[in-house]
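*Asks:* Fold the stuff below for me.
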Amino acid sequence: FRLLDIQPDEIDQKFDIREARLFIASLKNNVDVYEIILASASKARDLALRYFDQEGLFDNVRWALVDTGWSLNCQAALKRILSMHLGVEFNPVGYYIALMKSHLPEQEAGIAHGFVPRPEVVFCRRRTMVEHSFTPALHASTRSYMEQNGSVHPVLGEEVRSDAELTYVRRLHAICTVQA
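*Replies:* Here you go, the predicted model:
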């Protein structure tokens, strides 16, 4: 906190989106702080890069993200980590149901296309309902990666959904697989 001149009473301060972006920018622009962050994340970053390599992300094949969408936070995180390996000119491409008006800019997240071209449509305002009803995942979110028996595997977060919800997820996934 000393490097950023943050006072003890400011530690729990809540930010709006603009203030949060300014704070993140200040972290990036402070060389000493940025080096500390990069060093502390190096093991996790190296494991993630090994996992991406193992899964073929660095093969000479075109690929894109396909997701529900909204603000492009995941795509921006992927751009940051892959840019360290592929160079700063790397720009991932993502295809989404829709994008919020306040989604991250292309220079931060890469190229993004919304199936619904107008930002902040009805889907964005009801994104939680869309995600939970129509696009639920078969597993909990990936929290990190770990090496086991010479390969890297995702470490999933705690599953918090009920048995009824998981039954719905598996049924929806099976129906979509058959229809596809």
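*Asks:* which residues sit against the helix or strand where F52 lies?
*Replies:* Assessed by DSSP states H and E, F52 sits inside helix 42-54. Residues from elsewhere that reach helix 42-54 (Cβ atoms under 8 Å, 6 or more residues apart in numbering): 58, 81-82, 84-85, 144-147, 151-154. C-beta coordinates here come from the backbone N, C-alpha and C atoms, glycine included.
*Asks:* of those, buried ones?
*Replies:* Neighbour-count burial within the contacts of helix 42-54 applies to L82, Y145, V152, P154; the criterion is 16 or more other Cβ atoms under 10 Å.
*Asks:* just to revisit the earlier point, okay if I get the contacts of helix 42-54 as TSV plus distance to Y51, pLDDT and secondary structure?
*Replies:* Supplementary listing: the contacts of helix 42-54 in TSV, determined by distance: Cβ to Cβ, whole Å; pLDDT from 0 to 100; DSSP: H, G, I helix; E, B strand; the rest coil:
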residue	distance to Y51	pLDDT	secondary structure
F58	11	91	coil
I81	11	90	helix
L82	12	92	helix
M84	14	85	helix
H85	12	86	helix
S144	10	93	strand
Y145	5	95	strand
M146	9	95	strand
E147	9	95	strand
S151	9	96	strand
V152	4	97	strand
H153	8	96	strand
P154	7	95	strand
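*Asks:* sorry, back to before: let me see the mean pLDDT of the helix or strand just after the helix holding F52.
*Replies:* The C-terminal neighbour of helix 42-54 among helices and strands, as given by DSSP H and E, is strand 65-70. Summarised as a single mean, pLDDT over strand 65-70 is 85.
*Asks:* Let me know the secondary structure of the residue most central in space within the chain.
*Replies:* Closest residue to the average C-alpha location of the chain: C74 at 1.7 Å, with Cα atoms, centre = their mean. Here C74 is helix, with the state taken from DSSP: H, G, I helix; E, B strand; the rest coil.
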